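>>> Have a look at this prediction, sequence included:
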Amino acid sequence: MTRKRVKEGFSRYDTADYLESEEDIAAYLSACADENDPALFVAALGDVARARNIALLAEKTGMSRMGLYKALSGQGNPSFATVSKVAHALGLKITVEAI
């Protein structure tokens, strides 16, 4: 008796699909910031940018869409000025607190 193989499929997971509210976004970015990994935080900011419409963000920041994708990929190394500009355009405020 031969068995028919069934190919399992997986859907693509994208965190941006689940960032539906301001509270979701704040909790996600806070959790990523707590990891003390700059690349993770930048990638998380990229997730938020995709959730919020990266084309509109590009217009607000004066950067190209591709430039934003590259800078916020987690593989890029954006300056703090770029991170700050993106956060501000997303309506976010970067704060610092003592640990």
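Everything's here; your move.
>>> I'd like the distance between the residue nearest to K85 when sequence neighbours are not counted and A26.
Closest residue to K85 apart from its sequence neighbours, by Cβ to Cβ, 6 or more residues apart in numbering: T61 at 5.2 Å. The C-beta positions use only the backbone N, C-alpha and C, and glycine is treated the same way. Relative to A26, T61 is positioned 20 Å away (criterion: Cβ to Cβ, to the nearest Å).
>>> surely A51 meets A16?
Yes: here A51 reaches A16: they are 4.0 Å apart, a contact under Cβ atoms under 8 Å.
>>> which of those two has more neighbours?
A51 (19 against 13; other Cβ atoms under 10 Å).
>>> follow-up on the earlier one: compare T61 and A26 and say which is more crowded by neighbours.
More crowded of T61 and A26, by other Cβ under 10 Å: T61, with 18 against 13.
>>> doesn't L68 make contact with the more buried one?
Yes: here T61 reaches L68: they are 7.1 Å apart, a contact under Cβ under 8 Å.
>>> shared neighbours of the two, which are they?
Contact criterion Cβ atoms under 8 Å, 6 or more residues apart in numbering; residues bridging T61 and L68 by contacting each: V86.
>>> for this structure, what spans make up the helices?
Counting by DSSP state H, the chain has helices at residues 22-34, 38-52, 54-61, 65-71, 80-89.
>>> can you put the ones you listed in a markdown table and add distance to E97 and mean pLDDT?
Output for the helices of the chain, formatted as a markdown table (distance: least, Cβ to Cβ, whole Å; pLDDT from 0 to 100):
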| stretch | distance to E97 | mean pLDDT |
| --- | --- | --- |
| helix 22-34 | 10 | 95 |
| helix 38-52 | 15 | 94 |
| helix 54-61 | 26 | 95 |
| helix 65-71 | 25 | 93 |
| helix 80-89 | 16 | 95 |
